[in-house]
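Novice: sequence first, predicted model second:
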Amino acid sequence: LEELRGWWDEPGLTLGVALVGNEHVSSQMEGTSRTAPFLAQLFSRVAQTIVIPQAYPEDAEALAAAWGVHDEQAVALIREIASRPGGLRECTFTLELAITIARSLHQELSRKHISDAFAQRASRPVGA
């Protein structure tokens, strides 16, 4: 973060940097709690904050294409998973597992593999 701050302060340097994270980190930067901002030096240089509550369908479609998923039913399921909080990350983890399942069965990746992988991930125990 200090490096980013240094870029901002560099005379004659014009650039844009996107910091991507979750709302918790953003609220720490902004100091929305009763305490001082955690990252005040960085926050003072942020021109705009944009909160995107869920992935756009186009993001899910691009992710599907990057993984080589072109079947419309499978892409529709990926769009559905992506619409949830943390959806693009969940899509990635789900697709990793789905491909493992499909390959272990010597099959092409299908909507069923994605659905089965998502169900397995959703039912996994969460450690304390």
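Specialist: Perfect, thanks for sending it. Residues are numbered from 1 along each chain as shown.
Novice: residue ranges with poor pLDDT in the chain?
Specialist: 29-42, 124-128 (pLDDT under 70).
Novice: so where do the helices sit in it?
Specialist: Assigned by DSSP state H, the helices in the chain fall at 2-9, 23-30, 40-43, 57-66, 72-82, 87-104, 111-122.
Novice: got a list of what Glu64 touches?
Specialist: You called it Glu, but residue 64 is Ala. By CB atoms under 8 Å, 6 or more residues apart in numbering, the contact list for Ala64 reads His70, Ala74, Val75, Ile78, Cys91. Where C-beta positions appear, they are placed from N, C-alpha and C, glycine not excepted.
Novice: if you rank the residues you listed by neighbours, which is first?
Specialist: Compared across those, Ile78 has the highest neighbour count, 29 neighbours, by other CB atoms under 10 Å.
Novice: tell me how far the closest residue to that residue other than its chain neighbours lies from Ser104.
Specialist: Sequence neighbours aside, Ala64 is the residue nearest to Ile78 in space, at 4.7 Å (criterion: CB to CB, 6 or more residues apart in numbering). Noted for Ala64: a distance of 21 Å to Ser104, by CB to CB, to the nearest Å.
Novice: cool, Glu72 as well?
Specialist: For Glu72, the distance to Ser104 equals 25 Å [CB to CB].
Novice: go on, Phe43?
Specialist: In this view, Phe43 and Ser104 are 47 Å apart by CB to CB.
Novice: those two: which is more packed in?
Specialist: Applying other CB under 10 Å to Phe43 and Ser104 shows that Phe43 carries more neighbours, namely 15 against 9.
Novice: how near is the more buried one to Leu13?
Specialist: Going from Phe43 to Leu13 by CB to CB gives 20 Å.
Novice: check Glu3 too.
Specialist: Glu3 is 12 Å from Leu13, where distance means CB to CB.
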